[in-house]
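Enquirer: turn this into a model:
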Amino acid sequence: MWLHAEVDTLGDIPRYYARHCPERTALIDGAGKLSFGELNAISDRIAAALAARPDAVKHVGFLGKNSSRYFQVLFGAAKAGWAVTPLNWRLPPAELAPIIDDAQCSLILVDRDFAAVFGETASRCRQTCEMVGFDSSQTDDATLLSWLASSPSREPEPRIHPDDTVALIYTSGTTGCPKGVQLTHRTFAGIRLCEHLEPALDFQDGDVMLTVMPVFHLVGTGLSVQALYNGAAVSLLPALEPEKLLKLIECDRPSICALVPTAIQMMLDHPKAKTTDFSSLRLVMYAGSPISATLLKRAMAEMKCKLMQFYGSTEASGALTLLRPEQHDLQNEEKLKSCGTPLPLIEFRVVDDQGQEVPDGQRGEFMVRGPNMFRGYWNAPEASRAVLKDGWYRTGDAGYRDQDGLLYIVDRVKDMIVTGGENVYSAEVEQVLYKHPAVKTCAVVGLPDDRWGERVTAVIIPTSNEPPDAAAIIAHCREHIAGYKVPKEIRFVDSLPVTPTGKVQKRTLREQLSATGA
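Expert: Predicted coordinates:
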């Protein structure tokens, strides 16, 4: 069943290809191409540098955009028995510092573009953080090489257990407090097995995966690791910029790419899309939200490739379900709203509040089980127990299964908003809004948006009868949270729909706002 019997841990991936085809291209970024042999060698040196450190908590942070350097650190950490924590570079220092403190990262590798941000972040941290700077645009990076120079050139040989955490990826919770998702070597091996048994995820000789999604998301890290495991090259776009994305498609000739629907729309709307040669693309995967029939038909016509939706979570280390190319029924727009059916070895249940399975067509919460589950949240045993039970993971997503076995997400138990492929939790935004003196009561919801999938919308009861200043409230939010979390729309109201216990009924609120054209 396994593609490579020699690959037991994440660090075995570059080792395997360095032995069998060292000259094959592994990574492509602005600094050039890196072969599997070179990737194995530099990750050995990083592993040696990490193994020489006396840190009790072996978590190394990474602050930078997509680059080959991240994967050098990821595999180096894997070989040393460490875990890498990719930090969301879009967050302001006020949000980054608590994550670094929680992860207990005493060492952070920081791209030069974020040196100033890290300086302010470090001043907010409770612990001391050592910074190793690097320049992702340079292959021979003097600062990084200086750090490595004092370490042995030979790879360390620590005892790696399959249940050791190798990636600690932070995802917000319903309370707005970030939680570190612990992904182990066994977790990654499990999702590789599920994918290897899935006919729709077929890798071919010469494949190139274009990674656009940021590596601090599981999509950016997970799909790239999947490609490398299959011996494909990974072309890395630092961040989503439609013109650069189109240029990379022509330059690196990727055969597989993963995008959010918003990115597909932005790319195809760009004037240069009309002259871009998309012929290298065999498969475009999309996630984050369903795709409209109009955009889907346009993408198929202009890119002339297969499209496949996937639904998953960081806790599941990757995709849980796929709406495969053959399941895209262009004559049935309702079916296009489905997130598909499970991958091999993934078990799915739709349950009520008591944990009992509900009949097809009835809404409930999605629960999943498989060989790809995380080991729990770092430093948060109660949060782990709340979502893990007898091997099953409570996704927090509510939906139903139709008579054909297709699954549909209809609401989010966690009140999560998906805007432009980014996850925004309403409670997190509400906490910031309540700090503004003009806000008496508020609720944050996601409303349908043609461009973003959902737009973050704040509904506010003001503290006085004076006309509140929406621009000032938005400016206040920008000081405290990342730009994609800031409300794109603010509505002032006299009251909010609430339950008898005073809890805001967000589903009712969304329905009211949609009905009034908000």
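Enquirer: tell me the buried residues in stretch 360-378?
Expert: Of the residues in stretch 360-378, 364-370, 372-378 count as buried by neighbour count, 16 or more other CB atoms under 10 Å. Quick note: C-beta positions are derived from backbone N, CA and C, even for glycine.
Enquirer: Glu347: which of those is nearest?
Expert: When those are compared for distance to Glu347 (CB to CB), Arg369 wins out at 4.4 Å.
Enquirer: wait, doesn't that closest one sit right on Arg394?
Expert: No - here Arg369 does not reach Arg394: they are 10.8 Å apart, not a contact under CB atoms under 8 Å.
Enquirer: any stretches of the chain with poor pLDDT?
Expert: Judged by pLDDT under 70, the chain has its weakly predicted residues at 1-2, 152-156, 172-176, 288-290, 411-414, 499-503, 517-518.
Enquirer: show only the entries of the buried residues of stretch 360-378 found in strands.
Expert: Gly364, Glu365, Phe366, Met367, Val368, Arg369, Tyr377, Trp378 (DSSP state E).
Enquirer: for the residues you listed, which one is nearest Ala47?
Expert: Trp378 (21.5 Å).
Enquirer: for the closest one, give me its contacts.
Expert: When the contact criterion is CB atoms under 8 Å, 6 or more residues apart in numbering, the partners of Trp378 are Asp102, Ala103, Thr165, Leu168, Lys179, Gly180, Val181, Gln182.
Enquirer: double-check that the fifth one belongs to a strand.
Expert: Yes - counting by DSSP: H, G, I helix; E, B strand; the rest coil, Lys179 is located in a strand.
Enquirer: so which residue is smack in the middle of this protein?
Expert: Closest residue to the average C-alpha location of the chain: His217 at 2.2 Å, with CA atoms, centre = their mean.
Enquirer: that one: what's it in contact with?
Expert: Taking CB under 8 Å, 6+ apart, we find His217 in contact with Ile169, Thr314.
Enquirer: got phi/psi on it?
Expert: Dihedral pair for His217: phi -100, psi 150, per degrees, to the nearest 10.
Enquirer: do a quick rundown of the strands in the stretch 1-150 of the chain.
Expert: 25-29, 32-35, 59-63, 83-86, 107-111, 130-134 (DSSP state E, counting those that start in this stretch).
Enquirer: now those as JSON lines including mean neighbour count?
Expert: Converted to JSON lines, these look like this (neighbours: other CB atoms under 10 Å):
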{"stretch": "strand 25-29", "mean neighbour count": "24"}
{"stretch": "strand 32-35", "mean neighbour count": "17"}
{"stretch": "strand 59-63", "mean neighbour count": "25"}
{"stretch": "strand 83-86", "mean neighbour count": "26"}
{"stretch": "strand 107-111", "mean neighbour count": "24"}
{"stretch": "strand 130-134", "mean neighbour count": "18"}
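Enquirer: which of those sits closest to Asp360?
Expert: Asp360 lies closest, by CB to CB, to one member of these: strand 83-86, at 38.6 Å.
Enquirer: alpha carbons only: can I get that closest one in PDB?
Expert: The C-alpha coordinates for strand 83-86 follow below in PDB (Å, rounded to 0.1, in the frame of the first residue of the first chain):
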ATOM      1  CA  ALA A  83       8.900  20.300  15.600                       C
ATOM      2  CA  VAL A  84       8.600  23.400  13.400                       C
ATOM      3  CA  THR A  85       6.000  26.100  14.100                       C
ATOM      4  CA  PRO A  86       5.300  28.100  11.000                       C
END
